[in-house]
Structures are given as C-alpha cells and as structure tokens.
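Q: Structure of the sequence below:
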Amino acid sequence: MTAADDDVDAPAMESALSGGLVALLAQHPEPDAPLVAELVRSVCDVDHVALVDIDADVCSVLAASGPDLLTVGTTSPVAVSSRLVAVAAGRVWSSADLRGESGFDRPIDQLALTLGFRAGAGVPLVVRGRTAGAVLLSCTESGRDWSPVVAAITSSTGLLAAALGFGRGPGEPLRVAVVHPDLLVAHGLARIVERGLPAQVDVASGGWDPGSTRSSRTRM
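A: Model prediction:
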C-alpha cells in the first residue's frame, strides 16, 4: 500500500481480517502460521509480514510472507530489533518513515532499511496477561498510516493467538477474545466468530483483561 491510500476503511479491514481468520480456523483447526502470515499480508495490504513467538527476551520467527527479512525458524534476542523490543514489552510500535525514525539502528532495523523497507509496525499478541508473540509488518513506501492496521490486528488478537496455537494446551477448548474500543463493534465481530467456530467468545471494550471481560458469551 502506498502513502496515497489514506482512505482505508478501518472497520472493513477489521471485518475482513476477523472473517478470514475464522474461515482459516474452521478449515485448519491446528496452528498453521504460514497461512496466517499470508492472510495478514493480504488483508493489511503490506509488503512483508512476520509472525513471531516471544518468550521473555527471546524471539522465534514462526512464519513470514514477502521478501526475506526474518528467516523462519530463526531465534534471536529481542534486542536486535526496535520493533521486537517494543512488542516484547506489550507496546505497539509503528513508523511512517523508518529512515527518519530516531534510534532505528539495531541490526534488524538496519537490515530492513537495506532491503528497501520504508515504513513498519509491530503489534503484540497478549495472551493471559503476557506477550506470547507479535505481528510485524513492513512496507516499501513511506507515509503509511498504521492506525487501521493496528486496530484490525488488535481486534483480532484472540483469533490470531488461536490460529498460532498460543496459550492453548492439547485438548483445551478454543477460546477467542474480541477487543475493540467500540463495544457494539466488538459484539458484531464476536458474532462473526460465533457463526464460524465452536468457541467461547469473550468480548471487551478497550484493553482486555482475561480475568475481567465486560461481556462474554459461549457457543457450544
């Protein structure tokens, strides 16, 4: 996506991502990170997506879609990337212009610039109170407004975590959290999930605390 695409319909992107993840989970109940990466890249219209697992200060690349930036299976300290440092701490990171980003000089940062990426973002996937992983996105053109992408990924955090197998033990029932600043929108997204999956759906407005959802409903 280029800098000219300023009129992105954020709700449409949220619905497309959640609907795509529901369909993927229905067809592939077991984790399939490469398919998830392809879906996120397509819906969010970016040039590169990496899905990573985070364990304290160590990151492992589960899947990637797009030009080679992070090799699947690679394990490294989060300190090698500005985005990884932020998401490991549970923070969203984004930049519309990587070349002008202050402090963007860690090893993976420099590699991203060398490969021609000019805008980037990282969104943590928080499961049961800890950052289990993250979605890292990159574009080859600067000027990207990351707000719609961050909103879409954040509202689908529960589905992404489920599709990647985060926080779910063998035989454990599927539980999906739908988070959105607008509670009505959250319930609408939850209905998409309920129609497509036999899952417990927790709905929350604003930040999600697994122990204190504002509303929940269950589909058997």
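Q: Can you tell me how far residue 35 is from residue 96?
A: 29 Å (CB to CB, to the nearest Å). Every residue, glycine included, has its C-beta placed from N, CA and C.
Q: Regarding the residue nearest the centre of the chain, what is its secondary structure?
A: Nearest to the geometric centre of the chain sits residue 135, at 3.9 Å (CA atoms, centre = their mean). Classification of residue 135 by DSSP: H, G, I helix; E, B strand; the rest coil places it in strand.
Q: just residue 52 next, same as before
A: Assignment for residue 52 (three-state DSSP): strand.
Q: Who does it form a beta bridge with?
A: residue 61, residue 134 (DSSP bridges).
Q: Mind pulling up the pLDDT for it?
A: As predicted, residue 52 sits at a pLDDT of 97.
Q: residues contacting residue 55?
A: By CB atoms under 8 Å, 6 or more residues apart in numbering, no residues touch residue 55.
Q: what are the ranges of the strands in the chain?
A: Assigned by DSSP state E, the chain shows strands spanning 48-55, 58-65, 75-77, 93-95, 119-127, 130-139, 175-180, 200-205, 215-218.
Q: Can I get the longest helix anywhere in the chain in CSV, CA atoms only?
A: Within the chain, and with DSSP state H defining each element, the longest helix by residue count is helix 10-27. Extracted in CSV, the C-alpha atoms of helix 10-27 (Å, rounded to 0.1, in the frame of the first residue of the first chain):
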residue,chain,number,x,y,z
ALA,A,10,-10.7,0.5,9.2
PRO,A,11,-14.0,-1.3,10.1
ALA,A,12,-13.9,-3.2,6.7
MET,A,13,-10.3,-4.2,7.4
GLU,A,14,-11.2,-5.4,10.9
SER,A,15,-14.1,-7.5,9.5
ALA,A,16,-12.0,-8.9,6.7
LEU,A,17,-9.3,-10.0,9.0
SER,A,18,-11.5,-11.5,11.6
GLY,A,19,-13.7,-13.2,9.0
GLY,A,20,-10.6,-14.6,7.2
LEU,A,21,-9.2,-15.9,10.5
VAL,A,22,-12.5,-17.6,11.4
ALA,A,23,-12.6,-19.3,8.0
LEU,A,24,-8.9,-20.4,8.3
LEU,A,25,-9.5,-21.8,11.8
ALA,A,26,-12.6,-23.7,10.6
GLN,A,27,-10.6,-25.3,7.8
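Q: And that helix, what does it pack against?
A: Counting contacts by 3 or more CB pairs under 8 Å, 6 or more residues apart in numbering; DSSP states H and E, helix 10-27 packs against helix 33-44, helix 147-155, helix 157-164, helix 183-196.
Q: can you tell me which of those the model trusts least?
A: Among the helices and strands packed on helix 10-27, helix 183-196 has the lowest mean pLDDT, at a mean of 64.
Q: is it true that residue 84 touches residue 57?
A: No - taking contacts as CB atoms under 8 Å, residue 84 lies outside contact range of residue 57: 9.2 Å.
Q: list residues touching both of the two?
A: With CB under 8 Å, 6+ apart, residue 84 and residue 57 have common neighbours residue 78.
Q: higher neighbour count, the two?
A: residue 84 (27 against 11; other CB atoms under 10 Å).
Q: Give me the nearest residue to that one, chain neighbours excluded.
A: Spatial nearest neighbour of residue 84, chain neighbours left out: residue 78 (4.0 Å); criterion: CB to CB, 6 or more residues apart in numbering.
Q: list the contacts for the one you found?
A: Contacts here follow CB under 8 Å, 6+ apart; on that basis residue 78 touches 54, 57-59, 84-85, 88.
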